[in-house]
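Student: Just to be clear, the model below is a prediction. Sequence and coordinates:
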Amino acid sequence: MLEDPSVAAVHGKYPPRADLIVSHGSSGARLWMGGAHALRGTIIDADQVRRSWIVDCAGDVEEPHRAAAARFIPVVFLDVEERPPRFDRIRDVAAEIAATLISAPPEWSAYVLCTHGMNRSGLVTGLVLRELGYGPEECVRLIRTARPGSLSNHTFVRLLGASP
């Protein structure tokens with residue numbers, strides 16, 4: 001089970017959480033990966049995202065965070081062992097995030113979220129890292145170090161150019 005009932009009891013629902021994957025560019029803008037209902041990671045409050053983009057890979061980000069984000073980008077796809085149907089759109093979003101990370105102000109962040117912060121957010125985060133020039137194996141290593149157990153979807157790992 002990826003959820004902890006005690007978290008829901010304290011917060012009334014599972015809060016979105018994420019882990020820092022990299023700080024990039026001369027400003028140190030940050031790329032985070034997590035889940036709208038994840039057990040682990042830093043809790044993301046709605047005030048934090050006012051200077052940030054949120055990419056929602058599962059359609060699970062709740063309205064307060066959607067509304068508060070400087071930019072909310074829905075890129076919803078299934079976590080199944082096949083290439084997502086709109087993979088070109090996913091790559092375009094990843095390229096846009098990477099370009100922004102390079103020149104963004106220091107307080108800027110991108111949060112890539114799915115339900116639990118494991119596979120869909122891992123694919124998009126990995127594609128951002130690839131756009132930033134990281135090698136396939138390094139992308140997978142950075143993601144799995146920050147979020148142990150993530151990228152268990154072998155097709156997503158292959159789409160990053162790495163060995164499953």
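Tutor: Nice, I can see it.

Student: Just the C-alphas of the helix or strand containing residue 123, formatted as CSV.
Tutor: Using DSSP states H and E, residue 123 sits within helix 120-131. Taking C-alpha atoms only, helix 120-131 is exported to CSV below (Å, rounded to 0.1, in the frame of the first residue of the first chain):
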residue,chain,number,x,y,z
ARG,A,120,4.3,8.6,-15.1
SER,A,121,6.0,11.4,-13.3
GLY,A,122,9.2,9.4,-13.7
LEU,A,123,8.9,9.3,-17.4
VAL,A,124,8.2,13.1,-17.8
THR,A,125,11.0,13.9,-15.3
GLY,A,126,13.4,11.7,-17.1
LEU,A,127,12.5,13.3,-20.4
VAL,A,128,13.2,16.7,-18.9
LEU,A,129,16.5,15.5,-17.7
ARG,A,130,17.3,14.1,-21.1
GLU,A,131,16.5,17.5,-22.6
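
Student: gap between the residue sitting nearest the centre point of the chain and residue 80?
Tutor: By Cα atoms, centre = their mean, the mean C-alpha position of the chain lies nearest to residue 112, the distance being 2.2 Å. Applying Cβ to Cβ, to the nearest Å, the value for residue 112 to residue 80 is 18 Å. Where you see a C-beta, it was placed from the backbone N, CA and C, and this is true even at glycine.

Student: again, but for residue 163
Tutor: Separation of residue 163 from residue 80 (Cβ to Cβ) stands at 20 Å.

Student: Same check on residue 39?
Tutor: 22 Å.

Student: And for residue 51?
Tutor: From residue 51 to residue 80 the distance is 34 Å (Cβ to Cβ).

Student: Same question for residue 31.
Tutor: On the measure of Cβ to Cβ, residue 31 and residue 80 end up 25 Å apart.

Student: Residue 101 too?
Tutor: Residue 101 is 28 Å from residue 80, by Cβ to Cβ.

Student: the more surrounded of the two?
Tutor: Between residue 101 and residue 80, counted using other Cβ atoms under 10 Å, residue 101 has the larger neighbour count: 25 against 11.

Student: Can you show me the helices along the chain?
Tutor: 5-11, 63-68, 87-103, 120-131, 136-146, 154-159 (DSSP state H).

Student: so can I have CSV of the ones you listed showing distance to residue 47?
Tutor: CSV is the format used below for the helices of the chain (distance: least, Cβ to Cβ, whole Å):
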stretch, distance to residue 47
helix 5-11, 15
helix 63-68, 7
helix 87-103, 20
helix 120-131, 21
helix 136-146, 23
helix 154-159, 31
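
Student: Point out the most buried one among those.
Tutor: Most buried of the helices of the chain, by mean neighbour count (mean count of other Cβ atoms under 10 Å): helix 120-131, with a mean of 27.
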